[in-house]
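Asker: fold the following.
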Amino acid sequence: MYGQSRIFFVMARDGLLPESLAKVSSSRGTPVLMTTLTGLVVMVMAGTLDLTQIVEFANAGTLCAFVAVALCMLVLRSRDPQRPRAFRTPLAWLIGPACIVGCLFLFFIGLTGFTQRWFVYWNAIGLIFYFAYGSWRSRLARAAG
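Answerer: The predicted model follows:
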């Protein structure tokens, strides 16, 4: 929950979510509103879903994140091979695809259809929100235009 509230905080600070959500407490220096909203969503999920579903949702998100990291590693190796790297991956062109295939295998074989569908639904909602709000109001978009 703490990690998710920080991700939303950074997204709000960068204009991908309403910037009012990025306000921090003057006494604590923490994003109280964003932490509270994230906590409320987590409370609703904890009160309405069983532990197995919560665990599967967490696994789906983690597998998706690992696929994204492996894919981005391969893209950066192709587009910017001379980039200085703090961390090295030996045999990147073997490890990256193996990671992607393994995570997709676990997603499609190891998770229930319910989890897979809801993962797609939530990501679709996130993409719709991003294209309807974030892509035009982000700091990057404002700087470019």
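Asker: okay, Thr62 and Trp93: tell me how far apart.
Answerer: 23 Å (Cβ to Cβ, to the nearest Å). For every residue, glycine as well, the C-beta is placed using N, CA and C.
Asker: let me know the helix or strand that the residue most central in space within the chain is in.
Answerer: Nearest to the mean C-alpha position of the chain, by Cα atoms, centre = their mean, lies Ala65 at 6.6 Å. Element membership for Ala65 (DSSP states H and E) is helix 51-79.
Asker: what residues of that helix count as buried?
Answerer: The neighbour-count check on helix 51-79 (16 or more other Cβ atoms under 10 Å) flags Glu56, Phe57, Asn59, Ala60, Leu63, Phe66, Val67, Ala70, Met73, Leu74 as buried.
Asker: just those: which has the poorest pLDDT?
Answerer: When those are compared by pLDDT, Phe57 scores lowest at 92.
Asker: the residue lying closest to that one once chain neighbours are set aside: which element?
Answerer: Closest residue in space to Phe57, ignoring its immediate chain neighbours: Thr115 at 6.2 Å, by Cβ to Cβ, 6 or more residues apart in numbering. For Thr115, the element it lies in under DSSP H and E is helix 113-129.
Asker: quick one: mean pLDDT over whatever helix or strand comes next after that helix.
Answerer: For helix 113-129, the following helix or strand on the C-terminal side (DSSP H and E) is helix 135-137. What helix 135-137 shows for mean pLDDT is 78.
Asker: got a list of what the residue sitting furthest away from the middle of the chain touches?
Answerer: Distance from the C-alpha centroid of the chain peaks at Ser27, with 28.7 Å (Cα atoms, centre = their mean). Contact analysis of Ser27 by Cβ atoms under 8 Å, 6 or more residues apart in numbering lists nothing.
Asker: and if you look at Ser5?
Answerer: Ser5 neighbours (Cβ under 8 Å, 6+ apart): Pro31, Met34, Thr35, Leu37, Thr38, Gly39.
Asker: in which helix or strand does Asp37 reside?
Answerer: I think there's a mix-up here, since residue 37 is Leu and not Asp. helix 32-48.
Asker: and that helix, what's buried?
Answerer: Leu33, Met34, Thr35, Thr38.
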